[in-house]
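Visitor: give me coordinates for this.
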Amino acid sequence: MNIKIIWAGIVLGLISFSATISVANDFDGHINVQLEPLTQRAKIGQQVFNDNCAVCHGQNASGTRIGPPLIHKIYNPGHHNNASFSRAVTKGVQQHHWPYGNMPAQKHVGFSDLSNILAFIREVQQTNGVAYENH
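Guide: So this is what the prediction gives:
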């Protein structure tokens, strides 16, 4: 009788674990990012982004459970222009669109790296249909 209970627990655990894996990327803060060939500047920005920003914002800015996706219409150039991104990186930003909390300043990211990151984000946004919208 105890063996049946143990096996039932194992089966339920495996079902729960596989369900967790199958929906791991299916949450409001994550999007599936499509990549097309990038310009050289955007390729550099992609590497810098993935090395410095992906821990919160996900590989290729797809979002995570701790940081929002940047390839999202909220971050279109008409609502969050390049100066907004620059301020967020250099000074930090208060939570305002997503429930992730405040973003601290990323003082280790220099101006040229930030410029390349922006090139990457804007190219990938364009590929994914994120276009300028008046705010």
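
Visitor: how about Gln59, what does it touch?
Guide: Contact partners of Gln59, counting by C-beta atoms under 8 Å, 6 or more residues apart in numbering, are Asn50. C-betas here are computed from N, CA, C, even on glycine.

Visitor: repeat that for Gly67.
Guide: Counting by C-beta under 8 Å, 6+ apart, Gly67 has contacts 29, 55-58, 100, 103.

Visitor: for Asn82, see how far away the closest residue to it other than its chain neighbours is.
Guide: The shortest distance from Gly67 to any residue other than its chain neighbours is 3.1 Å, reached at Cys56 (C-beta to C-beta, 6 or more residues apart in numbering). Note on Cys56: its distance to Asn82, by C-beta to C-beta, to the nearest Å, is 19 Å.

Visitor: ok, now which ones touch the residue positioned nearest the centre of the chain?
Guide: Centroid-nearest residue in the chain: Gly63, 2.5 Å away (criterion: C-alpha atoms, centre = their mean). The contact partners of Gly63, by C-beta under 8 Å, 6+ apart, come to 29-31, 57, 69-70, 72.
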